[in-house]
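Provided below are the primary sequence and the corresponding predicted coordinates.
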Amino acid sequence: MERQYCYIVKYQDQVLHWVRTKVPIKCTINNQSLKTIVLKCALRQEITFKAHEEERKLMQKLSSVMGATIEPQSDLTHEMNIAIPINLPIVYNTCPIIQIQYIVTAKLKIPLSFDLRLNMPIIITNLPINNEPSKNGDAPPAPGIITPKF
């Protein structure tokens with residue numbers, strides 16, 4: 001009996017994104033199974049709190065988007081955009097007890113089977129980097145954003 005499989009390949013042009021913009025996602029899916037599968041993408045925030053050699057993680061879904069439906073025995077390339085919320089807390093790894101990480105997750109929902117997931121960490125900032133113009137114009141930082149003092 002031939003083994004059936006499906007896989008996902010993700011292409012991302014950049015890992016640095018600005019608040020108030022969208023993260024472009026391009027997925028190539030090869031569904032060699034006999035099941036119809038659904039692509040979903042989400043932006044997640046993982047906050048790690050550390051104290052006295054202990055740590056606690058808090059995971060929260062910030063936004064999500066429903067992708068394409070992939071028929072059995074087919075290939076598909078699908079592009080999506082996930083919105084980055086306006087008022088995200090941004091910590092520039094200057095705080096030893098709080099770490100915030102943002103992750104884009106592409107997931108294939110497969111009926112009566114385990115879902116396939118691809119996690120891609122991204123960097124979200126509100127500052128211009130390498131002479132890149134700010135996508136926010138001259139707007140002040142959103143509430144809750146911590147700007148580093150250099």
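Ah, there it is.

so how far is D115 from the closest residue to T69 other than its chain neighbours?
Excluding the flanking residues, the one nearest T69 by CB to CB, 6 or more residues apart in numbering is V38, at 5.4 Å. To be clear about C-beta, it is placed using only N, CA and C from the backbone, and glycine gets the same treatment. Going from V38 to D115 by CB to CB, to the nearest Å gives 10 Å.

need the overlap of contacts for these two.
Each of 108-109 lies in contact with both V38 and D115 under the rule CB atoms under 8 Å, 6 or more residues apart in numbering.

who's more crowded, those two?
V38 (15 against 12; other CB atoms under 10 Å).

is that one in a bridge, and if so with what?
Counting by DSSP bridges, V38 forms beta bridges with T69, K109.

show me what contacts I103?
For I103, the contacting residues are 43-46, 119-122, by CB under 8 Å, 6+ apart.

most neighbours of all those residues, which one?
Going by other CB under 10 Å, L43 tops the contacts of I103 with 25 neighbours.

wait, that one sits on M59?
No: using CB atoms under 8 Å, L43 is not in contact with M59; the gap is 11.7 Å.

how near is T105 to Q45?
T105 sits at a distance of 11 Å from Q45 (criterion: CB to CB).

what residues are up against S113?
Applying CB under 8 Å, 6+ apart, we find S113 in contact with K35.

for P24, which non-adjacent residue is spatially closest?
In this structure, P24 finds its nearest non-sequential neighbour in N81, 5.6 Å apart by CB to CB, 6+ apart.
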